[in-house]
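**Student:** have a look; sequence and predicted model below, questions after that.
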Amino acid sequence: MARPKNKKELVDLSNKNYTKLLDYVEALSDEEKEAKFPEGYLNRNIRDVLAHLHHWHLMMLEWYEVGMKGDDPDMPAKGYTWKSVPDLNREIWKMYKDTDLNKVQKMLHESFEKVQSIIKKHSNEELFEKKRYHWTGSTSLGAYLISATSSHYDWALKLIKKCQKALA
């Protein structure tokens, strides 16, 4: 499916890509789930990738909460710019590198549900009208949600598959 252009497509694709990702991970053996990725990747294993998704959910939730109150959220995070996202991602990796995979999976599911609730409570216009909210700048709330959900889950699945193939 192409990039979502309305609420139904966003709900459908975010759920579809999330489910595909989780189903793929669940089908792996415990050894495969714990395997280290090849050198050169910031995320060193599946846990790291899922923790990355979880933390970006949390940031999306914070942007939304702050922005909808009329304030300007720190985007992508306090002390970081969009150009310094690689540095931010390294800090995210450090936060979760010692967290158990099962715990990360539970945290991811909880944050996924919270992001889905935001999508579901807004109308199509509220999600996809550009410049509707000052904090989204020249784009739409939906564009941010696509990046935090369906597009990010697709990236994660491709990365995991690529690393699994390289390890085979």
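**Tutor:** Good, I have the coordinates.

**Student:** how about stretch 142-149: buried residues?
**Tutor:** In terms of neighbour count (16 or more other Cβ atoms under 10 Å), stretch 142-149 has its buried residues at 142-146, 148-149. Any C-beta I mention is one placed from the backbone N, CA and C, and that applies to glycine too.

**Student:** contacting residues around it?
**Tutor:** For stretch 142-149, contacts defined as Cβ atoms under 8 Å, 6 or more residues apart in numbering pick out 3-4, 7, 10, 13-14, 17-18, 56-57, 59-60, 63, 112, 115-116, 118-119, 127-128, 136.

**Student:** just the buried ones from those, in PyMOL syntax?
**Tutor:** Applying 16+ other Cβ under 10 Å to the contacts of stretch 142-149, the buried members can be selected in PyMOL as follows:
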select buried, resi 4+7+10+13+14+17+18+56+57+59+60+63+112+115+116+118+119+127+128+136
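
**Student:** right, and the helix or strand after the helix or strand hosting Met59?
**Tutor:** Assessed by DSSP states H and E, Met59 sits inside helix 46-68. Where DSSP H and E defines the elements, the next helix or strand beyond helix 46-68 is helix 85-96.
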